[in-house]
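sequence first, then the predicted structure:
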Amino acid sequence: EMEKNFDHNVDCSMGDWGLCHTQSLTIEYTGDEDYLDNQFKIYFSSIHRVLQVNHRDFEHQHVIGDLTYIKPTSFFQGFQSKRKIVIPLVIEYWSVHESDNMPRWFVVDDRDQSTAIIGNTDTENLHNFVLPYTSTMKTATDNNVQMTAATRFSLN
């Protein structure tokens with residue numbers, strides 16, 4: 001969920017030009033039993049650099065290009081059955097299109113290097129894993145019109 005491009009009370013000084021936005025990553029564990037293992041990484045493509053993970057149970061690492069992963073820290077106590085964990089993220093620059101969020105996130109088991117694509121991200125339908133944006137404003141005074149098929153057509 002993309003939260004805010006501005007007025008988010010986050011120190012963006014670690015980002016290029018001091019620009020960042022906030023997002024929340026929600027992991028819903030649907031298993032019938034608690035999952036206590038901490039030997040995994042969740043990989044994803046991010047066109048903007050992840051600057052910070054604001055959850056003590058997780059940390060991030062840039063791999064190469066647009067590939068990043070999050071993994072459990074020593075504080076991680078597992079996923080509780082049928083529960084959600086919300087992980088606040090600080091990401092460089094603004095996010096103005098839902099397509100800034102790329103599909104096909106995958107999990108790597110560190111014990112045997114086996115992989116699995118996260119099911120709801122294995123699609124081109126972004127709304128399977130991205131909540132619809134409620135604002136694309138980059139600043140409080142941003143007067144740009146959000147481009148959609150209809151607004152592009154009206155300009156032609």
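Arrived safely.

buried ones in stretch 44-53, by neighbour count?
Neighbour-count burial for stretch 44-53, counted by 16 or more other C-beta atoms under 10 Å, picks out 44, 46, 48-53. The C-beta positions use only the backbone N, C-alpha and C, and glycine is treated the same way.

got TSV for these, with pLDDT and distance to residue 9 too?
As requested, the buried residues of stretch 44-53 are exported to TSV (pLDDT from 0 to 100; distance: C-beta to C-beta, whole Å):
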residue	pLDDT	distance to residue 9
44	94	25
46	90	22
48	89	19
49	91	20
50	92	19
51	93	15
52	93	13
53	95	17
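
nearest to residue 66, of these?
Relative to residue 66, the closest of the buried residues of stretch 44-53 is residue 46; by C-beta to C-beta it sits at 5.7 Å.

for the closest one, which non-adjacent residue is closest in space?
residue 68 (5.1 Å; C-beta to C-beta, 6 or more residues apart in numbering).

per-residue pLDDT of residue 79, please?
On the pLDDT scale, residue 79 is placed at 95.

likewise residue 23?
86.

what residues of the helix or strand hosting it count as buried?
With secondary structure defined by DSSP states H and E, residue 23 is part of strand 20-29. Residues 20-23, 25 are the ones in strand 20-29 that count as buried (16+ other C-beta under 10 Å).

give me the residues contacting whatever helix or strand comes next after that strand.
Moving toward the C-terminus from strand 20-29, the next helix or strand (DSSP H and E) is strand 40-45. If you take C-beta atoms under 8 Å, 6 or more residues apart in numbering as the criterion, strand 40-45 is touched by 27, 63, 66-72, 102, 104-110, 118, 121.
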